[in-house]
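Novice: Here is a sequence with its predicted model. Questions after.
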Amino acid sequence: MKKFINWLKSSSSDFALFIILLILANIVGHNAFARFDLTGPKSYSLSKASKTIVKNLEEPLSVRVFFDDNLPSPYNSVAQYVKDILSEYKGAANKKFNVTYMDMSKEDNIQMAREYGLSQIQIQEVKNNEVGFKQGYMGLVIAYGDNIDTLDKLTSTDGFEYKFTSKVSKMINTSDTLAGLKAGDTVNLTLYLSSPLKTMRIANADQTESLVKAAFDSVNEKNMNRLAYKVVDPQSQEAEAVIEKYGLQGITYMGDDGQQQTAAIGLVLEYGDNFRVLPLQIQQSFFGYMVGGLETLSDDISSGLQSLLSKVTEIGYITGHNELDHLDENYSANFDRLISGMYTLVDLDLSKENIPSSMTSIIINGPQYDYSEEELYKIDQFIMRGGNVMFFIDSMNQDGTAQYYGSQSYVPNESNLDKLLNKYGLVRGKNYVMDKNCYVNSSQQYGKLSLYWAPILQKEELAKKNIITSNLGYVIMLQNGSLDVSAARENKDIKTTVLAKSSPESWTVEKDIVLNPMMVFPPQDQSSFKSYDLAVMLEGKFTSAFDKAVEISQYDEEGNKIELPEGQLETSNHIASSILPGKIFVVGSSAITTRQVIDEGGSNPIAMLLLNVVDYMNGNEDLCKMRTKGLSVNTLKIGSNAAAQIVKYFNQFGLVVILIIVALLVMRVRSRRRKAINKRYNPNDTRTIEKKSEEKSKNSEK
């Protein structure tokens, strides 16, 4: 023992002790490790909302990961990211959270993935200087209680936490609601299909009933068999009624009696007074007419069920002034779908009804007609009570009379909503903001055309410290008017944030506006260029735009105005200034809520911006962080095509040139160092003397 202690004290034991220390450190690190997320958007950390959901699970939540092994780049990084984030969920969750990684080399697991409805994706792989393709699974199966759902085709890390947390939240709400249904109470799925459509030349129309029934059976089995299904064959008059009630697709045809008839097709999911219309309708293709939406029926029914039963927040959508229709596919239907997972838009006609006290937010989207004093007062007092309003107000309206060379012209939008906005400290510009940094459209006939009215806002033009825009790399706006918030900035009770502004190479156009890329040119005077505010957020306590109360009419349940008897006591609950802080979001364009810039999947930056705004206005700030986590939205800013070419050639050849220059400099330094050493320590070296003498003789001969 004494020899061992002496050996430990001696230097001969240092190496052995060092090896033992490394082994112990690895054991400790394997069982108790710490992670540090140094990324800007905290891409590898969970938000508070995600931690809260998995920490308070009441039923077992099981996650099965179906990812193929040895995926090529960049898909292998997605697989690792998903694994890392699920480890974070596991660490934050209670004992009811479980993750299983399926071995996809086994045929049983592949068959299981197919049964769950996961799809293989085609992956391009470069191997041995050859390009090939392989099929692989990249999806999750999530089971909560008896409810099963999937996250499929996870080919990108963007927004994974948001997708996963939202999916789990909806599953929990759906499961709790289904479990709480009374005996005999069901969620109803109804297929409206007029029988004449089956005899027309519409592909797969005769298979629609069987395909919908098969999808229904699959979804019903996964949801405690609490769904009911029926098929309705509406005749002409009945078809018109269901078309009006649910907004289904109507088809007009000539009947056998020579009279014009109406047929209907649609799939409606109903529970109580609420319903969801699923995407099933007749579409026209190159080969003729066909019933579209049959391929994704199971997913659509599951998503519709979750949306229907989730505890969504109602947002008032003001109507009656030719606002954009949020159910019309040609206008803001994509915006409606975009927020439908967490929110539902409820139409409000302020000329006949008040804003319900249960609502905390309303949207005013593209009004073209003026509001009455009573309607303006209702909006004003809603804000005074701490309500939140999102204004999408166009600075210009289409001129219904004038056209130039086939292009529509525009005139200023003189909306009387300015009475409210001006009082709150904001002034709308009656103009269009044009920007040199804009979307460029490529045309075979005209080449590249700059759409100056569709500015591309880089990260520098977005609010860096605001949760709505901090993680966005760029945003494409459309037909925006300028905003002036200088008065709001002077108000100490209001926090003013410019969320988005144009680049310094912007200018405004106020008259003779024609949005034709062949007719819009940047000004020659450089002093005309400046940056303009495009989207702003005002928060705090506001002063009412009205000095006294405006009489509010009362209506019965049928919308009829109630006439008050004479001698009625006059009362007033006019609020002169905010009693609770509110939020006002203003953007000088309603076009950003249309399908022109919002894709159906809601994955582009402007969709993320609008979703973040809606979440922020409704107190769901954590979702803003979740949604924009990822690297693809953080883009490199290139100011011009010339700069882009410089960056391109630098990446291709610049690093090689720099490496060669550095190598030559190192060789030069080493050569001088050798000469200095030789001169100091070996000055009589014959090789050096002979070389110098040869050089001198050559110089003398010259």
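Specialist: Arrived safely, thanks for sending.
Novice: what bits of the stretch 1-150 of the chain have low per-residue confidence?
Specialist: Along the stretch 1-150 of the chain, segments meeting pLDDT under 70 span 30-43, 126-132.
Novice: same deal with the chain?
Specialist: 30-43, 126-132, 285-287, 311, 400-407, 553-572, 629-641, 685-702.
Novice: Can you give me the distance of the residue most central in space within the chain to residue 542?
Specialist: By CA atoms, centre = their mean, the chain has its centre lying nearest to residue 608, at 2.9 Å. Going from residue 608 to residue 542 by CB to CB, to the nearest Å gives 28 Å. All C-beta spots, glycine's among them, are computed from the backbone N, C-alpha and C.
Novice: re the thing from before, ok, the residue nearest to the centre of the chain touching residue 472?
Specialist: Yes: using CB atoms under 8 Å, residue 608 makes contact with residue 472 at a distance of 6.3 Å.
Novice: re the thing from before, how near is the residue nearest to the centre of the chain to residue 552?
Specialist: 38 Å.
Novice: quick one: the helices in the stretch 351-500 of the chain?
Specialist: Using DSSP state H, counting those that start in this stretch, the helices assigned to the stretch 351-500 of the chain run over residues 373-384, 418-424, 486-490.
Novice: Counting by contacts, list what the first one packs against.
Specialist: Right, the one you point to is helix 373-384. If you count contacts as 3 or more CB pairs under 8 Å, 6 or more residues apart in numbering; DSSP states H and E, helix 373-384 packs onto strand 361-365, strand 388-392, helix 418-424, strand 582-587.
Novice: Dump the ones you listed into TSV; add mean neighbour count and distance to residue 317 as well.
Specialist: Listed next are the helices and strands packed on helix 373-384 as TSV, based on neighbours: other CB atoms under 10 Å; distance: least, CB to CB, whole Å:
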stretch	mean neighbour count	distance to residue 317
strand 361-365	24	5
strand 388-392	24	10
helix 418-424	18	18
strand 582-587	24	15
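Novice: looking at those, which is closest to residue 380?
Specialist: When these are compared by CB to CB, helix 418-424 sits nearest residue 380, at 5.8 Å.
Novice: what's the closest one in contact with?
Specialist: 376, 379-380, 383, 391, 427-428, 487-488, 494, 538, 542-545, 584, 586 (CB atoms under 8 Å, 6 or more residues apart in numbering).
Novice: Are any of these buried, and if so which?
Specialist: The neighbour count (16 or more other CB atoms under 10 Å) marks 376, 379-380, 383, 391, 428, 488, 494, 538, 542-545, 584, 586 as buried among these.
Novice: could you dump the helices of the stretch 351-500 of the chain to TSV with distance to residue 314?
Specialist: Shown next, in TSV, are the helices of the stretch 351-500 of the chain (distance: least, CB to CB, whole Å):
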stretch	distance to residue 314
helix 373-384	14
helix 418-424	22
helix 486-490	28
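Novice: Of all those, which one is nearest residue 657?
Specialist: helix 486-490 (49.4 Å).
Novice: Now for this protein: which helix has the highest residue count?
Specialist: Taking DSSP state H as the criterion, the chain has its longest helix at helix 655-681.
Novice: which of the residues in it are buried?
Specialist: Buried-residue list, helix 655-681, by 16+ other CB under 10 Å: empty.
Novice: Now do the contacts for residue 226.
Specialist: 178, 181, 186, 187, 220.
Novice: go with 7 Å
Specialist: Shown in contact with residue 226 (CB atoms under 7 Å, 6 or more residues apart in numbering): 178, 181, 186, 187.
Novice: What is the three-state secondary structure of the residue nearest to the centre of the chain?
Specialist: helix (DSSP: H, G, I helix; E, B strand; the rest coil).
Novice: can you pull the contacts of it?
Specialist: With contact taken as CB under 7 Å, 6+ apart, residue 608 is in contact with 472, 627, 628.
Novice: 6 Å instead?
Specialist: Shown in contact with residue 608 (CB atoms under 6 Å, 6 or more residues apart in numbering): 627, 628.
Novice: measure it to residue 479 for me?
Specialist: Residue 608 is 20 Å from residue 479, by CB to CB.
Novice: related to what we said a few turns ago, so which of the buried ones among the contacts of helix 418-424 comes closest to residue 466?
Specialist: For these, the nearest to residue 466 is residue 538 (12.7 Å; CB to CB).
Novice: Wait, the closest one touches residue 584, no?
Specialist: Yes: contact status for residue 538 versus residue 584: in contact at 4.3 Å, counting by CB atoms under 6 Å.
Novice: before we move on, back to that, show me the two of the contacts of residue 226 that sit farthest apart.
Specialist: Longest span within the contacts of residue 226, CB to CB: 178 and 186, 9.5 Å.
Novice: Looking at those two, which has the bigger crowd around it?
Specialist: Neighbours of residue 178 and residue 186, each counted by other CB atoms under 10 Å, are more numerous for residue 178; the result is 22 against 16.
Novice: OK, contacts around that one?
Specialist: Applying CB under 6 Å, 6+ apart to residue 178 gives the contacts 223, 224, 226.
Novice: Against which helices or strands is whichever strand in the chain runs longest packed?
Specialist: Longest strand of the chain, by residue count under DSSP state E: strand 130-144. The contact analysis (3 or more CB pairs under 6 Å, 6 or more residues apart in numbering; DSSP states H and E) places strand 130-144 against strand 61-67, strand 120-127, strand 147-151.
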